[in-house]
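**Student:** predicted model, plus sequence, below.
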Amino acid sequence: MDAIVKSFAKSVMTADRPSQAEAEDAVRTLLRWIGENPDREGLLDTPQRVAKAYREMFSGYERDPADELGRTFEEVAGFDDMVIERDVYFHSHCEHHMVPIIGKAHIGYLPDGRVVGLSKLARVVDIFAQRLQTQEAMTAQIASTIQDILNPRGVAVIVEAEHMCMAMRGIRKQGATTLTSTFTGIFKDSPDEQARFFTLLRAGARA
Ligand SMILES: Nc1nc2c(ncn2[C@@H]2O[C@H](COP(=O)(O)OP(=O)(O)OP(=O)(O)O)[C@@H](O)[C@H]2O)c(=O)[nH]1
Ligand SMILES: [Zn+2]
């Protein structure tokens, strides 16, 4: 595993991580700051719920994507062609505003002697999605993790997402989607393989 992947691995939960009580206090502060009364009945349990929701939505910091790709299978029945996992839906949060990014990833790889359980590719997407992200970084992290851990002949990742920070606030453009792509190995070097990836993606596309 090279340095770039190590830096994406399980992030360090240091001893100075705030306690849940401190996190709940911070939520109370935000409630007061937006003009709410955190002591009114409907909001009494909200700080605790928000802390719990954050723990779940940002659980990607506590998980190492390398663990998910550790278990591989020898090629099945001589299959060594392209594998594509399409429409892997995810929810993430942008690192600029901490509001949702909603989208889907398409992942392709060309095995080199080993294949990975299909669910593991989706797990890698989720681990990175459950951190604060930019779409570009997330796309690159998914591709380089699969490339470095599984060591296939190449990886292709396309991410298509809507950023709520562009829809709910600011420029307020509903429905604008952002597309990002990254290619490694043979997908980067061979326009034919890259084209075949796009053709297969389209061929399987649902109406
Ligand atoms: N490149 C990139 N930009 C993003 C992503 N998510 C959000 N942004 C953008 O990050 C930028 C932050 O710009 P700033 O000017 O610092 O913040 P802001 O005043 O809130 O910007 P506005 O959204 O334009 O109101 C905005 O243009 C967002 O659209 C992402 O995944 N990738
Ligand atoms: Zn944003």
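**Tutor:** Arrived safely, thanks for sending. Ligands and ions are numbered 1, 2, ... in the order given.

**Student:** residue numbers of this structure in contact with ligand 2?
**Tutor:** Neighbours of ligand 2 within the chain, by C-beta under 5 Å from the ion: Cys94, His96, His97, Cys165. From N, CA and C alone the C-beta is placed, and that goes for glycine too.

**Student:** the first one reaches Thr134, doesn't it?
**Tutor:** Put plainly, it is Cys94. Yes. Between Cys94 and Thr134 there is a contact at 6.8 Å, judged by C-beta atoms under 8 Å.

**Student:** and the furthest pair within the residues of the chain next to ligand 2?
**Tutor:** The span of the residues of the chain next to ligand 2, defined through C-beta to C-beta, is set by His96 and Cys165 at 6.5 Å.

**Student:** out of the residues of the chain next to ligand 2, who's the most crowded?
**Tutor:** In terms of neighbours by other C-beta atoms under 10 Å, the residues of the chain next to ligand 2 top out with Cys94 at 18 neighbours.

**Student:** how about the residue in the chain that ligand 1 sits nearest to, phi and psi?
**Tutor:** Scanning the chain for the residue nearest ligand 1 gives Gly170, at 3.1 Å (criterion: C-beta to the nearest ligand atom). Phi and psi for Gly170, reported as degrees, to the nearest 10, are phi 60, psi -120.

**Student:** separation between it and Ala137?
**Tutor:** Counting by C-beta to C-beta, to the nearest Å, the separation of Gly170 from Ala137 is 20 Å.

**Student:** the two: who's more crowded?
**Tutor:** The neighbour comparison of Gly170 against Ala137 (other C-beta under 10 Å) goes to Ala137, with 15 against 12.

**Student:** surely that one is within a helix?
**Tutor:** Yes. Membership of Ala137 in a helix is supported by DSSP: H, G, I helix; E, B strand; the rest coil.

**Student:** what sits against the spatially most central residue of the chain?
**Tutor:** Geometric centre of the chain, nearest residue: Ala129, 2.7 Å, by C-alpha atoms, centre = their mean. Ala129 makes contact with Gly60, Phe90, His91, Ser92, Ile101, Met138, according to C-beta atoms under 8 Å, 6 or more residues apart in numbering.
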